[in-house]
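[1] Structure for this input, please:
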Amino acid sequence: MRAAPDLAHVDTWLFDLDDTLYPPECELMALVDRRMTAFVQRQTGLPFDEARALQKRYFHEHGTTLAGLMAFHGVEPAAFIAEVQAVSMDNVRADPRLRAALQRLPGRRLVFTNAGGAYAEKVLERLGVADQFEDVFHIEAADYIPKPQVRTFERMMARHGVAARTSAFFEDTERNLAPAADLGMTTVLVGPHALTSTAPFVHHRAEALAPFLEAAQIADKTQDPR
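    The predicted model follows:
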């Protein structure tokens, strides 16, 4: 039995959106991914395999496919986001267990995502947890500069008055946790491969979010002035 994670110092809870607040089995990102490949194909005129390889290279080198397309192809970001994130959300369903787990957390809860704002709000509504978050810091709020760029973390923190030492950040993408740890946040890697991570900047690991939040040691919410 692993000891319950000690998060009693946390009063600000930051959550990535895709494949973090909902499980990868929803396959929402697979739908977005296919739309991205089609967009890159059309934008570049490359055949499918080359367009997909370029898409993935931009993601790995620039944080998002969009960042690469903006830098090298002059793509207008709003049009890209509107197209690639216009996907069916039929597989995303209300999650009462997640809602209850979020409700027990003292302090503030924020979504910190590289996704677009309209898309993020739709996902949160589908999950039945939109009212559990104070705000969404999305890619538009970041001026299209994605995680893991440190300046995007700093911009989010400045906008919402986030103190790193009393914050926890939950993410399914390991590399996005590195700047959070450097800034002093507690980091939690979420997802089916989280338990095998050996990255020193990952402080906690969880296969699924709700059970982790249910088990965590947290401050007494009755003492929370907010």
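
[2] For Ala53, the count of nearby residues, please.
    Number of residues near Ala53 (other CB atoms under 10 Å) recorded here: 13. Yep, even glycine has a C-beta here, placed from its N, CA and C like the rest.

[3] who does whichever strand or helix holds it touch, helix- and strand-wise?
    Assigned by DSSP states H and E, Ala53 falls within helix 48-62. Contacting helix 48-62 under the criterion 3 or more CB pairs under 8 Å, 6 or more residues apart in numbering; DSSP states H and E are the following elements: helix 28-44, helix 65-73.

[4] Kindly format the C-alpha coordinates of that helix as CSV.
    These are the backbone C-alpha positions of helix 48-62, laid out as CSV (Å, rounded to 0.1, in the frame of the first residue of the first chain):
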residue,chain,number,x,y,z
PHE,A,48,-0.2,12.0,-45.3
ASP,A,49,2.9,10.3,-43.8
GLU,A,50,5.1,13.4,-44.2
ALA,A,51,2.4,15.8,-43.0
ARG,A,52,1.9,13.6,-39.9
ALA,A,53,5.7,13.5,-39.2
LEU,A,54,5.9,17.2,-39.5
GLN,A,55,2.9,17.6,-37.2
LYS,A,56,4.6,15.5,-34.5
ARG,A,57,8.0,17.3,-35.0
TYR,A,58,6.4,20.6,-34.4
PHE,A,59,4.6,19.3,-31.3
HIS,A,60,7.8,17.9,-29.8
GLU,A,61,10.0,20.9,-30.8
HIS,A,62,7.6,23.8,-30.1
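
[5] Can you give me the buried ones in it?
    51-52, 54-56, 58-59, 62 (16 or more other CB atoms under 10 Å).

[6] Dump those into JSON lines; add distance to Asp143 and pLDDT as well.
    Formatted as JSON lines, the buried residues of helix 48-62 follow (distance: CB to CB, whole Å; pLDDT from 0 to 100):
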{"residue": "Ala51", "distance to Asp143": "26", "pLDDT": "95"}
{"residue": "Arg52", "distance to Asp143": "27", "pLDDT": "95"}
{"residue": "Leu54", "distance to Asp143": "23", "pLDDT": "95"}
{"residue": "Gln55", "distance to Asp143": "22", "pLDDT": "94"}
{"residue": "Lys56", "distance to Asp143": "24", "pLDDT": "94"}
{"residue": "Tyr58", "distance to Asp143": "18", "pLDDT": "94"}
{"residue": "Phe59", "distance to Asp143": "19", "pLDDT": "92"}
{"residue": "His62", "distance to Asp143": "14", "pLDDT": "92"}
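
[7] what's the closest of these to Ile139?
    His62 (12.5 Å; CB to CB).

[8] Show me where the chain has its helices.
    Here the chain has its helices, by DSSP state H, at 28-44, 48-62, 65-73, 77-84, 96-103, 117-127, 150-160, 177-183, 209-215.

[9] Out of those helices, the one nearest Ala168 is which?
    Of all the helices of the chain, helix 177-183 comes closest under CB to CB, at 9.0 Å.

[10] Tell me which residues are up against the closest one.
    Counting by CB atoms under 8 Å, 6 or more residues apart in numbering, helix 177-183 makes contact with 14, 147-150, 153-154, 157, 164, 169, 171, 187-189, 199, 201-203, all of which sit outside it.

[11] at 7 Å instead, please
    148, 150, 153, 164, 169, 171, 187, 189, 201-202 (CB atoms under 7 Å, 6 or more residues apart in numbering).

[12] Columns distance to Asp6 on top of the helices of the chain, output as TSV?
    Supplementary listing: the helices of the chain in TSV, determined by distance: least, CB to CB, whole Å:
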stretch	distance to Asp6
helix 28-44	31
helix 48-62	33
helix 65-73	36
helix 77-84	38
helix 96-103	17
helix 117-127	27
helix 150-160	23
helix 177-183	16
helix 209-215	11
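
[13] Fine by me, thanks again.
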